[in-house]
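K.L.:
fold the following for me, if possible:
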Amino acid sequence: MAKKTKTVYTCQSCGWQSGKWMGRCPECGAWESLVEEVVVQAAPRRGIPSGGKAARARLLRYDEIDSQADIRSPSGCPEFDRVLGGGVVPGSLVLIGGEPGVGKSTLLLQVAATVAAAGRTVLYVSGEESERQLKLRGQRLGLAAPELYIMPETQLEQIEAEVQHLRPALVVADSIQTIYTAELDSAPGGISQIRECATRFLYLAKSSGIPVFLIGHITKEGAIAGPKALEHIVDTVLYFEGERHHNHRIVRAVKNRFGATSEVAIYEMTDRGMREVANPSALFLAERPAGVAGTAVICSMEGTRPILVEVQSLVSQSNFSAGRRMTQGFDRNRISLLLAMLERVAGLDLLGADVYVNMAGGMQVDEPAADLGVVAAIVSSWHNRPLPAEAVFIGEVGLAGEVRAVPHSALRVREAATMGFGRCFLPAGNLPLQPAPKDLDIVPVKGINQLLDQLF
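P.N.:
Here you go, the predicted structure:
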């Protein structure tokens, strides 16, 4: 039976389909997002004949399945292996998203060259740049990899044929929005093309055991362009974070079927490419001012790694009845809760004050363990009195002013001691610590009033 075709209008934001065009998608509310696409309907499959038997699915006992815990292959880049969970898993499909110019192609080109330098064949599929552009970038980065093959191609069928012929150890596709399959009539970058190409890459990776890395564009809202199902198809989703005005870049794992989520890798953008940062705490505290009110040091857990970050706060009188609340790198709603707690418990009149909070270095902190340091920085700016320079603040603050225990307290305290800090304000619920830190004075804190009495 011949295949039938029909025209549908597909929302480029959520994938909702309609038989007619609409100005606004009723599913996600996006305007002017419905694009006309031609869908090919396959002939319906015939059912099992009367009296026939369906083929039984293959059953495996759990005890008979081999573990993949010991077959991870290192990429040669320790920070990249960390964010992947310990190395590259054979047959895995990894999606990397980030803003234009943040360094996605540069990082994966370095990873591909490092793997190829170890004697393994790597295929780099470029749908956006020519082979001469990649060669020019490789020369600027000082890369030398004879086993690295460049393929400027956007048709999926050609890529699959080359992978079957070359049998590389790693495949990089830059980017998934530029690759299309000839089986669909829609344009590259559409909902149906992205979904079909990602599914075909998944089948390719699982059937051949070759790990595949996909580079994806992001929308103006910061999400990876294409249907949300794209993130459900892949095994690992990595987000590239970083501002143009800062040299450091953060690769964060938001989904990982083979490792821990929220793991991060920190790089520094240089003229020689992405350089790994072995000590992130020293990077974020490098330009910390001394003897300035409104600054405090906290310890944030990013995956399994503790990182010391400087919190900056500025409190000033407002010209209006209600003050402004502005934050960067910290949840604004969390700041409102902490300010309401300070007014009720500590008696500070902050309703008519402008409060600004910033995580220095462009770091994004979203865990409650930073509450104690944020509160200390706000009160320090309110009184215009600097905090002790050798102090680190760790703890979650409740609405009643109590300081609650936080996880991974031993790792946080150890990082503070390694960086040379002498005092650590820690929730009393985290004591005693095992092992006990050396050359570090632990100050237990049960409530906010107790903290402010000791500081001011």
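
K.L.:
quick one: the helices in this structure?
P.N.:
Using DSSP state H, the helices found in the chain span residues 78-84, 104-117, 131-141, 156-166, 191-208, 229-233, 280-284, 332-341, 371-383, 409-418, 448-455.

K.L.:
check the ones you listed for me and report the most buried one.
P.N.:
Mean neighbour count (mean count of other CB atoms under 10 Å) peaks for helix 371-383 among these, with a mean of 25. Glycine gets a C-beta too; all of them are placed from N, C-alpha and C.

K.L.:
residues in contact with that one?
P.N.:
Helix 371-383 has contacts (CB atoms under 8 Å, 6 or more residues apart in numbering) with 293-298, 311-315, 330, 334-335, 338-339, 342, 346, 348, 350, 353, 355, 357, 386-387, 392-397, 403, 425, 427, 445, 448, 451-452, 455-456.

K.L.:
gap between the two ends of stretch 425-433?
P.N.:
Counting by CA to CA, to the nearest Å, you get 13 Å between the two ends of stretch 425-433.

K.L.:
find the centremost residue of this protein, please.
P.N.:
The chain has R252 as the residue nearest its centroid, 2.7 Å off, counting by CA atoms, centre = their mean.

K.L.:
picking up where we left off before, columns mean pLDDT on top of the helices of the chain, output as a markdown table?
P.N.:
As requested, these are arranged in a markdown table below (pLDDT from 0 to 100):
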| stretch | mean pLDDT |
| --- | --- |
| helix 78-84 | 92 |
| helix 104-117 | 94 |
| helix 131-141 | 92 |
| helix 156-166 | 95 |
| helix 191-208 | 91 |
| helix 229-233 | 82 |
| helix 280-284 | 88 |
| helix 332-341 | 94 |
| helix 371-383 | 96 |
| helix 409-418 | 93 |
| helix 448-455 | 93 |
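
K.L.:
these: which one's closest to H248?
P.N.:
For H248, the closest of the helices of the chain is helix 280-284, at 6.2 Å, according to CB to CB.

K.L.:
how about P188, nearest residue that isn't a chain neighbour?
P.N.:
Excluding the flanking residues, the one nearest P188 by CB to CB, 6 or more residues apart in numbering is Y180, at 4.0 Å.

K.L.:
what does E263 give?
P.N.:
G303 (3.3 Å).

K.L.:
sorry, back to before: beta partners of the residue nearest to P188?
P.N.:
Beta-bridge partners recorded for Y180 (DSSP bridges): Q155.

K.L.:
mind checking pLDDT for it?
P.N.:
Y180 carries a pLDDT score of 93 in this model.

K.L.:
outline the domain layout of the chain.
P.N.:
Here the domain parsing of the chain from automatic domain parsing is 4-41, 73-278, 283-455.

K.L.:
now the shortest one: average pLDDT?
P.N.:
Same thing as domain 4-41. 80.

K.L.:
returning to what we had before: just checking, the residue nearest to P188 touches S192?
P.N.:
No. Between Y180 and S192 there is no contact under CB atoms under 8 Å: 9.9 Å.

K.L.:
follow-up on the earlier one: so the residue nearest to E263 versus G86, what's the distance?
P.N.:
Look at G303 and G86: by CB to CB, to the nearest Å, they are 12 Å apart.

K.L.:
before we move on, back to that, give me every residue that touches the residue nearest to the centre of the chain.
P.N.:
Per CB under 8 Å, 6+ apart, neighbours of R252: V83, L238, Y239, E241, S262, E263, V264, E302.

K.L.:
tell me what it is bridged to.
P.N.:
R252 forms beta bridges with Y239, V264, as assigned by DSSP bridges.

K.L.:
what pLDDT does it get?
P.N.:
We have a pLDDT of 89 for R252.

K.L.:
cool, the one 3 residues further on as well?
P.N.:
The pLDDT attached to K255 in the predicted structure is 91.

K.L.:
burial check on it, number of neighbours?
P.N.:
Other residues near K255 come to 15 when the count uses other CB atoms under 10 Å.

K.L.:
which one is it nearest to, not counting chain neighbours?
P.N.:
Closest residue in space to K255, ignoring its immediate chain neighbours: V237 at 4.1 Å, by CB to CB, 6+ apart.

K.L.:
gap between the one you found and V297?
P.N.:
Here the distance between V237 and V297 works out to 31 Å (CB to CB).
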